[in-house]
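Chemist: structure here, sequence nowhere to be found:
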């Protein structure tokens, strides 16, 4: 080597300066990490009379957003069956029976004996894991047909996915204390201290967080909800609630909002809420195909089960 000719090490200060100044993209040195996996525990794929997104587009959206599982419901149940029977690789589909044929059933199902027949007939397909999402307000939950639905769920080892106010939630557990309930929206605005009291009283209650008010303000996780999540890390689930077309259009931003406040929690707590709690609840129920590719993970989650 001729003396005075610069070696590669002489360029290192220039390279570092260029990287710091943004002149060279960091992607050239390391790939972007995958986003935190999410198990969507409140998903509707309604067919009235046809779905807003094709099945192929929906499955592609899940892959794009690193959604590894879904609690699937639809009105009528055709959409749920389509998702489950597609056996998509890398996606755990957990099918629930929706007690609705058309939107009007939301207001009348609790007093309609034909709905119980629908539930029991659909159950015979042999792959359902729960019943819901269904809507109840106040003493409407006290009807004989709701009680029969709760008892049927307990008898068949099914979860209930209840969009219920506080009074209706308490009536559901009064029907049968062995009921296992996923509380859609966690009451929307029920005070955190009351949510904590319910979690203490009912050990088979899990709180799903779509449309839940007060969790974050201006993107910052509130102190009361941070404390609640850290106290009960095993009892919360995430959901998109794609009940109208706009929720499909905004699917990515909904999950991005979740990931924003999850990043403000301890990593193990964030992972439980994002996907591990749902995976645990539904373990062994309609498991993902063994031929499925592994879940995409960030470096922090790699190797964890």
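Modeler: Noted; the coordinates are in hand. Bear in mind the structure is a predicted one, so any value in this text is a computation, not a measurement.

Chemist: now the host helix or strand of residue 170: how far from the chain's centre is it?
Modeler: Using DSSP states H and E, residue 170 maps to helix 166-175. In terms of C-alpha atoms, centre = their mean, to the nearest Å, the centre of helix 166-175 is set 23 Å apart from its chain centre.

Chemist: buried set for it?
Modeler: Buried positions in helix 166-175, judged by neighbour count with 16 or more other C-beta atoms under 10 Å: 168, 169, 171, 172, 173, 175. In this view, the C-beta of every residue, glycine as well, is placed from N, C-alpha and C.

Chemist: before we move on, what about stretch 268-280?
Modeler: Buried-residue list, stretch 268-280, by 16+ other C-beta under 10 Å: 269, 270, 271, 272, 273, 274, 275, 276, 277, 278, 279.

Chemist: what is the neighbour count of residue 92?
Modeler: Residue 92 has 24 neighbouring residues, counting by other C-beta atoms under 10 Å.

Chemist: how close does the closest residue to it other than its chain neighbours get to residue 53?
Modeler: Of all residues not flanking residue 92 in the chain, residue 69 sits nearest, at 3.7 Å (C-beta to C-beta, 6 or more residues apart in numbering). In this view, residue 69 and residue 53 are 18 Å apart by C-beta to C-beta, to the nearest Å.

Chemist: picking that back up, packing partners of the helix holding residue 170?
Modeler: strand 130-136, helix 144-155, strand 159-164, strand 181-183 (3 or more C-beta pairs under 8 Å, 6 or more residues apart in numbering; DSSP states H and E).

Chemist: can you list contacts of whichever strand or helix holds residue 196?
Modeler: Assigned by DSSP H and E, residue 196 belongs to helix 192-201. Contact partners of helix 192-201, identified using C-beta atoms under 8 Å, 6 or more residues apart in numbering, comprise 166, 169, 183, 186-187, 205, 207, 214, 224-225, 228, 231-232, 235.

Chemist: recalculate using a threshold of 6 Å.
Modeler: 205, 224, 228, 232, 235 (C-beta atoms under 6 Å, 6 or more residues apart in numbering).

Chemist: and what of stretch 166-181?
Modeler: Residues contacting stretch 166-181 (C-beta under 6 Å, 6+ apart): 136-138, 141-142, 147, 150-151, 154, 159-160, 162, 187, 190, 202, 204-205.

Chemist: quick one: it to chain centroid distance?
Modeler: That offset, for stretch 166-181, works out to 21 Å (C-alpha atoms, centre = their mean).

Chemist: cool, and stretch 49-58?
Modeler: Distance, centroid of stretch 49-58 to centroid of chain: 19 Å (C-alpha atoms, centre = their mean).

Chemist: residues of it that come out buried?
Modeler: 51, 52, 53, 58.

Chemist: could I get the average pLDDT for the helix or strand where the last one lies?
Modeler: Element membership of residue 58, judged by DSSP H and E, is helix 55-64. Mean per-residue pLDDT for helix 55-64: 98.
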